[in-house]
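Asker: I'd like to go over a predicted model; first the sequence, then the structure.
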Amino acid sequence: MSKKEWPLWEVFIRGQHGLNHRHVGSLHAPDAEMAINHARDVYTRRREGVSIWVVPSRDITASSPSEKGPLFDPAESKTYRHPTFFDIPDEVGKM
Amino acid sequence: MYAQLVKSEGLKSREEMSPQEQAFQDRVDNGEKIEPKDWMPEGYRKTLVRQIGQHAHSEIVGQLPEGNWITRAPTLERKAILLAKVQDEAGHGLYLYSAAETLGVSRDELLDKLHSGKMKYSSIFNYPTLNWADIGAVGWLVDGAAIMNQVPLQRTSYGPYSRAMIRICKEESFHQRQGYAIMMKMAQGTPEQKDMAQDALNRFWFPSLMMFGPSDKDSVHSAQSMAWKIKINTNDELRQKFVNETVPQAKYLGLTVPDEKLEWNEEKQGYDFSEPDWSEFFEVIKGNGPCNRERMDARVKAWEDGEWFRDGLNAYADKAANRRKAASVAAE
Ligand SMILES: [Fe+2]
Ligand SMILES: [Fe+2]
């Protein structure tokens, strides 16, 4: 076993111009430059992307499953945030 | 399959489960995905590490029998295609090692277990690829059998594993078709070429059937894995499905499946066929197949020969980081 493992990176790819970068997976690399090279080889062999971001996995802060309630429950009751909550009469026309 | 003999736990009944385990099982039953930070039973985690690890090892050891023919492919186009296919398999290994790492093992740990023989890879890769027709047979039959197992696994309960499978399945059909295209070329070629194709089918048929693992009656521990949805179909179900789909493909090639007992069974709407020689299977798993030694030696050599390079890149990264740090201190 190698003494020091290459750190883990999370890879984000922009699929097409105009779209967001999306998380596609992770990989090991010694530094950011190599991480981009590896991401190119692993995640864009079939023209899946036009741009790559790599982020050290250890720098990602994630919400914990136990916080799911406090974080996301409040949104559940606020249906008025959706346009369909409001009835607009047909006579008004398209809105 | 690529994970053929994965040790799992005995099936727990609902009464034996703790409230936490019951809630977990309910999530799985409801088709919810389990994610890395979610609570999971220790047995679930351990079984997944074994299964995903074995699957990952199979992807990278599987590069060896095919890599054997890259320099000797008959045309430049075939060479480029085979190279792309073998490169895909490295990617499959990487996706799967990454999925396993979300369960708290490191990739180097898993590789270490492969190299020291503590973890297995699929028995199929311990058979030699003797000539170019074998490369056709491997793509057609071996990747074909892998697809049978991987397609349902896209629905597995563990999120990272499921996502890796989806990615892999997208690439896998290219593998099978390029293999079948080689077989078509050979089967429609000179009588000698057709003989080579038949000979490759003869040698790879039963080892391919073994990929699905032992018969259901001898396959231990699969009930718990199925309850956890980390195994979706039984070994025999998948084997039957593979035979049903492959036999007509062989017919189209004008080749004969090397099984005298092979016969269409109208009642079950599937073929009856002979079981592979299971004693051979267990011998190969134990390490006594035709190429086990060679495969392991090649893997260990690749790992050891690459060490200076991995370390070199680490040293370069450390140096560059120190330089950046020094520069930012100087700027302050
Ligand atoms: Fe693969
Ligand atoms: Fe493949």
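Answerer: That came through fine. Ligands and ions are numbered 1, 2, ... in the order given.

Asker: which other residues reach stretch B:260-277?
Answerer: For stretch B:260-277, contacts defined as Cβ atoms under 8 Å, 6 or more residues apart in numbering or on different chains pick out B:206-207, B:209-210, B:215, B:240, B:243-244, B:247, B:259. Heads up, the C-betas are built off the backbone N, CA and C, glycines and all.

Asker: ok, the residue in the stretch 51-200 of chain B positioned nearest to ligand 1 - contacts?
Answerer: Residue nearest to ligand 1 within the stretch 51-200 of chain B (Cβ to the ion): B:H92, separated by 3.7 Å. Residues in contact with B:H92 (Cβ under 8 Å, 6+ apart) are B:56, B:59, B:168, B:171.

Asker: residues contacting the third one?
Answerer: Contact analysis of B:I168 by Cβ under 8 Å, 6+ apart lists B:92, B:95-96, B:150.

Asker: now do stretch A:37-45: distance to the chain's middle.
Answerer: 17 Å (Cα atoms, centre = their mean, to the nearest Å).

Asker: which parts of whichever helix in chain A runs longest are buried?
Answerer: In chain A, ranked by residue count with DSSP state H as the criterion, the top helix is helix A:32-43. Of the residues in helix A:32-43, A:34-36, A:38-39, A:42-43 count as buried by neighbour count, 16 or more other Cβ atoms under 10 Å in any protein chain shown.

Asker: who touches that helix?
Answerer: Contacts for helix A:32-43 (Cβ under 8 Å, 6+ apart): A:9, A:11, A:13, A:24-25, A:27-29, A:49, A:52, A:54, B:87, B:91, B:94, B:313, B:317.

Asker: buried set for the one helix or strand in chain B whose mean pLDDT sits lowest?
Answerer: Here the helix or strand of chain B ranked lowest by mean pLDDT, DSSP states H and E is helix B:222-227, holding a mean of 90. By neighbour count on 16+ other Cβ under 10 Å, the buried set for helix B:222-227 is B:222-225, B:227.

Asker: tell me which other helices or strands it touches.
Answerer: For helix B:222-227, the helices and strands in contact under the criterion 3 or more Cβ pairs under 8 Å, 6 or more residues apart in numbering or on different chains; DSSP states H and E are helix B:42-61.

Asker: how far does whichever strand or helix holds B:A327 sit from its chain's centre?
Answerer: Secondary structure from DSSP states H and E places B:A327 in helix B:307-331. Its chain's average C-alpha position is 37 Å from that of helix B:307-331, according to Cα atoms, centre = their mean.

Asker: cool, and stretch A:27-40?
Answerer: On Cα atoms, centre = their mean, the centre of stretch A:27-40 falls 18 Å from the chain's centre.

Asker: swap in stretch B:226-233?
Answerer: Worked out by Cα atoms, centre = their mean, stretch B:226-233 lies 17 Å from the chain centre.

Asker: what of stretch B:238-250?
Answerer: 18 Å.

Asker: how about stretch A:68-78, does it reach chain B?
Answerer: No - Stretch A:68-78 does not reach chain B (Cβ under 8 Å from any Cβ of the partner chain); its nearest approach is 9.8 Å.

Asker: can you give me the first-to-last residue distance of that stretch?
Answerer: 17 Å (Cα to Cα, to the nearest Å).

Asker: give me the low-pLDDT residue ranges for the stretch 101-250 of chain B?
Answerer: Along the stretch 101-250 of chain B, segments meeting pLDDT under 70 span B:220-221.

Asker: if you set the cut-off to 80 instead, what comes out?
Answerer: Applying pLDDT under 80 to the stretch 101-250 of chain B flags residues B:218-221.
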